[in-house]
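Asks: sharing a model prediction with you, sequence too.
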Amino acid sequence: MLQQIIDRRLSGKNKSVGNRERFLRRHKEQIREAVRRAVDGRGIRDLEKGEDVHIPKRDLSQPVFGHGQGGKREAVHPGNSEYVTGDRIKRPDGGGGGGGGGSQASDSGEGDDDFVFHLTKEEFMQAFFDDLALPNLTRTQLAEIPEYKSHRAGFVNDGTPSNLSIVRSMRGALGRRIALSADSRRELRDAQEALALLDEQGAKDDVTLKHKAELQETIKRLRSYIDRVPFLDPLDLKFRNRVKVPVPSTRAVMFCVMDVSGSMDESRKDLAKRFFILLYLFLTRHYEKIEVVFIRHHTQAAEVDEQNFFHATETGGTVVSSALVLMDEIIRARYPSDQWNIYGAQASDGDNWHHDSGRCRELLMDKILPKCRYFAYVQVAEPEQNLWEEYQRIVGEVPQFAMRKAIEASQIYPVFRELFRKEGAPAA
Amino acid sequence: MTFLENRRAVGRNACADEYGGRRRAGPPQELAPLKERPAQPLPSPSDWTFDMIERYHEVIRETAQRFGLDTYPNQLEIITSEQMMDAYASVGMPVNYRHWSYGKEFIATEKNYKRGQMGLAYEIVINSDPCISYLMEENTMAMQALVIAHAAYGHNSFFKGNYLFRMWTDASSIIDYLVYSKDYVARCEERHGIEAVEELLDSCHALMNHGVDRYRRPSKLSLAQEQARREDREAYAQLQVNDLWRTLPRRATSEDETAAERRFPAEPQENLLYFIEKNAPLLEPWQREIVRIVRKIAQYFYPQRQTQVMNEGWATFWHHRLLNQMYDDGYLSDGMMIEWLKSHTNVVAQPPVTSRHYSGINPYALGFAMYTDIRRICECPTDEDRQWFPDIAGTPWLPTLDHAMRNFKDESFIGQYLSPKLMRDFRFFAIVDDEKDSELEIAAIHDENGYRALRESLSRQYDLGSREPNIQVWNVNLRGDRSLTLRHSQHNDRPLHDGSQEVLKHVARLWGFDVHLESVNSKGETTRRWSVTPPQG
């Protein structure tokens, strides 16, 4: 009989991925709800991880016909310790245990808890993006990155003396010398042997003498040829080669600027938060290290932490320029634009003190936009006020500026599409 | 730590030579002698290697042959825990059609496994020819040996020998059929949308337990035949479409009257899915085919549910017997013995009813005890045994056990072989729970007066026919609203549970018109009615 042991460990796993997909599809609503809640509860920076989703057990049950309580039934149990035939005992509470045998025992021992499962990071992001009506964003490239890193790239024939590779050069020289003189050396050796033979024989006739002279002539010629092969030739010099490879700058700073005046209610802030999250996610695709600066403003601007940024409310008027001034100050103090990739994201309901809007535009044009790789403004309210109009004038002039109105979460994405259409080829 | 075999897998049928032609040689009367005692026991490292598994398997195989175990050839496959969970999720089969419930199963399994609430099964055995056993890579060498003896020789010989498997399952085509059904369902998903297929499968799954023929023997069809038959059915349906028929003049009305009185179906039908497949007015051909697929698979799984105690007991008995014999022959070291015996002890533990861990009778414990007890009755019967089992007391135990494995299912096995001694050992007692009484009554215990009643009662407990509600197709209102009426005949006046309404919605979705369910008690009175109108559109 043929016996076989087959190692299946390397062959496919995840056979049930298709089943999982169908399961997730079926519970899309619950998952979307869980993701929404998670987004609200999480900070911008720790969005990208999985999440537990709770689904009520009853939504998962697959009904089958079965017996209910009541009627007459018999059950046999092991472990009798006290009963004799004819004993009558009280019906235990909850029914099932006493009469139902094992069939009603819960298989997981968890009772009526929700069915909980873990969404992976990818599935979480998928659900998040689905909600925002986004295509797959991560494939898009950010163009034109000004930083280079130099890498070794083998050896070349030209270069500066400091890059001279002595070992390589000498090896090359040796090879060249062998290649150029090998034949001559062999001939020389033959000639010398022949000459030595003649000397040994010691014949002194004319023919021999003539032959000797010829041999001596040959030896001389060959020697001089061999001597003329240079020890080191410019051809032999090898230089270490280094090439410059563009690398994304590893550092980026993202400014979140938000209006927190009385007119920004929770839902508008939530919209703004999603906008900031998206920008943050983009940046994480391209930079190893990202700092986030939160600037909130009403009539005055202040740098705050994330908690205060999203959850504190203030009242009062609105002077947008105060935030832009503060942003400019922070850039100059802490984030020199030659070392940091600066991204700005501004969210507001468009309300501004009317004399201030023009100044905002000037500030952006003159100070901030030249230093920024990208600046996005999103207005989370419908009416177009003077800030909108002023900003509108920037749109055509400066490539790294984009603005949009977003009344619902699904409208946020076009702002980003703008960014990628500009720098990539035809946008997704 | 538990053994969880794939109870739903189905098996290869007996070899052709067992039908008609040559009969198999019977089991040996006694253990064949050992050829030569080994000089030293097999090495017992805790980590397995392929070489070690090979050597152990060789010895286990020889020992099993000395006992005359008749098995399919074995194929052992090493898999990871993740693959084990994959296999779990698709009801233990290597292939199956896609359905969300399998995804849920996988998530639940994975979660429990990661939390450490549940050990994974050490193995899954697929009864095909050759019989495939999955060994998990996490197992120690001792566990691998246990698993090989348990699955590759215990279950394997049961699959090959037991009459239910030989009669009901046709393993020459089961894998083929699953491949076919997976492809067919996938094609339907492409053509009609995942949603539509999922709804249909949900509905079919709800009726899966009522989609089997309990008494009729299924014909065996291979994949090729199955496909040919499907094409035939479709071609025939196509042929019937002839607009001319419509123009034929009608018969006189007098015949209609008798038709109105004629019932449809003429007799109640127990196989709901079959009835729906053949008679549901609105189903598309592809929907009928899917109903058929679910029905076929349910039918394949049906015998497995009837031999739980026997199958597990048999496998457990044999791993215990084989490994002990190997120890006696000097193959196994003491450490090895201790390790597998510990697992074995856990597997056959039966907590008493008062225990917190009690969750019904453990089929491993009962089955193992019964086979061990039959051997005892054969080898050293007491007077009681001679009185109860005159036909087997004192006979050679190997042929007796073989007979007991081949020709019974749980219900009849217990009815035939449960001995008074076992009932005393397990301290079994029967409780009657009658709704009309305010208290429960102890109907029988393990004493002289109670043995027979107790045995009957336990045997009935394993009767699938009484465990599941008896629901049949009662009538179709052909001349009126085309409504379908199902009838539940109460067994001991036990009512249906509240989920019935939900199930009925599924029936209505399949049937396409109103569906009624009547629950009828032993006096013939209808105690409860449910009605569902199918969703429109």
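Replies: Here it is on my side, so go on.

Asks: please parse chain A into its domains.
Replies: A:22-58+A:114-131, A:161-241, A:251-423 (automatic domain parsing).

Asks: can I get those domains in JSON lines with mean neighbour count?
Replies: The way it works is simple: take the backbone N, C-alpha and C, and place the C-beta from them, glycine included. Below are the domains of chain A laid out as JSON lines (neighbours: other C-beta atoms under 10 Å in any protein chain shown):
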{"stretch": "domain A:22-58+A:114-131", "mean neighbour count": "16"}
{"stretch": "domain A:161-241", "mean neighbour count": "13"}
{"stretch": "domain A:251-423", "mean neighbour count": "19"}
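
Asks: want to try a markdown table for the ones you listed, with distance to A:Ile89 as columns?
Replies: Shown next, in a markdown table, are these (distance: least, C-beta to C-beta, whole Å):
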| stretch | distance to A:Ile89 |
| --- | --- |
| domain A:22-58+A:114-131 | 32 |
| domain A:161-241 | 92 |
| domain A:251-423 | 59 |
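
Asks: in CSV: these, plus mean pLDDT and distance to B:Ser203.
Replies: What follows is these, written out as CSV (pLDDT from 0 to 100; distance: least, C-beta to C-beta, whole Å):
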stretch, mean pLDDT, distance to B:Ser203
domain A:22-58+A:114-131, 75, 15
domain A:161-241, 88, 70
domain A:251-423, 79, 35
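
Asks: which residue does chain B have closest to chain A?
Replies: B:Gly360 (1.5 Å; C-beta to the nearest C-beta).

Asks: quick check: that residue is in a strand.
Replies: No: going by DSSP: H, G, I helix; E, B strand; the rest coil, the assignment for B:Gly360 is coil, not a strand.

Asks: quick check: B:Ser519 is in a strand.
Replies: Yes: according to three-state DSSP, B:Ser519 belongs to a strand.

Asks: what is the neighbour count of it?
Replies: 22 (other C-beta atoms under 10 Å in any protein chain shown).

Asks: can you give me every residue that contacts B:Ile53?
Replies: Residues near B:Ile53 by C-beta atoms under 8 Å, 6 or more residues apart in numbering or on different chains: A:5, B:76, B:135, B:141, B:144, B:148.

Asks: counting neighbours, which of those comes out on top?
Replies: Within these, B:Ile148 tops the neighbour count with 27 neighbours, counted by other C-beta under 10 Å.

Asks: ok, now which ones touch that residue?
Replies: B:Ile148 touches B:53, B:56-57, B:60, B:74, B:76, B:133, B:135, counting by C-beta under 8 Å, 6+ apart.

Asks: sec struct for it, please.
Replies: Here B:Ile148 is helix, with the state taken from three-state DSSP.

Asks: could you measure the residue nearest the centre of chain B against B:Glu468, distance?
Replies: What sits nearest the mean C-alpha location of chain B, by C-alpha atoms, centre = their mean, is B:Gln304, with 1.9 Å. Going from B:Gln304 to B:Glu468 by C-beta to C-beta, to the nearest Å gives 15 Å.

Asks: count the residues that sit near the residue of chain B closest to chain A.
Replies: Neighbourhood size, B:Gly360 [other C-beta under 10 Å]: 19.

Asks: next: the one 4 residues further on.
Replies: Burial measure for B:Tyr364: 23 neighbouring residues, criterion other C-beta under 10 Å.

Asks: what helix or strand is residue 231 on?
Replies: As the question left the chain open, I've gone with chain A. Assessed by DSSP states H and E, A:Phe231 sits outside every helix and strand.

Asks: not what I meant, chain B
Replies: Counting by DSSP H and E, B:Glu231 is found in helix B:223-240.

Asks: who are the packing partners of that helix?
Replies: Under the contact criterion of 3 or more C-beta pairs under 8 Å, 6 or more residues apart in numbering or on different chains; DSSP states H and E, helix B:223-240 touches helix B:171-192, helix B:285-305.

Asks: make a markdown table out of the ones you listed and add distance to chain A and mean pLDDT.
Replies: Shown next, in a markdown table, are the helices and strands packed on helix B:223-240 (distance: least, C-beta to the nearest C-beta, whole Å; pLDDT from 0 to 100):
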| stretch | distance to chain A | mean pLDDT |
| --- | --- | --- |
| helix B:171-192 | 9 | 86 |
| helix B:285-305 | 11 | 88 |
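
Asks: return the most buried member of these.
Replies: Compared across the helices and strands packed on helix B:223-240, helix B:285-305 shows the largest average neighbour count, a mean of 21 (mean count of other C-beta atoms under 10 Å in any protein chain shown).

Asks: just the angle between whatever helix or strand comes next after that helix and helix B:285-305, please?
Replies: The element immediately downstream of helix B:285-305 (helix or strand, assigned by DSSP H and E) is helix B:308-328. With axes from the mean of the first three to the mean of the last three C-alpha atoms, to 10 degrees as the basis, helix B:308-328 and helix B:285-305 are set at 50 degrees to each other.

Asks: could you pull out the strands in the stretch 201-350 of chain A for me?
Replies: Per DSSP state E, counting those that start in this stretch, the stretch 201-350 of chain A carries strands over the ranges A:239-246, A:251-259, A:289-297, A:301-304, A:341-348.
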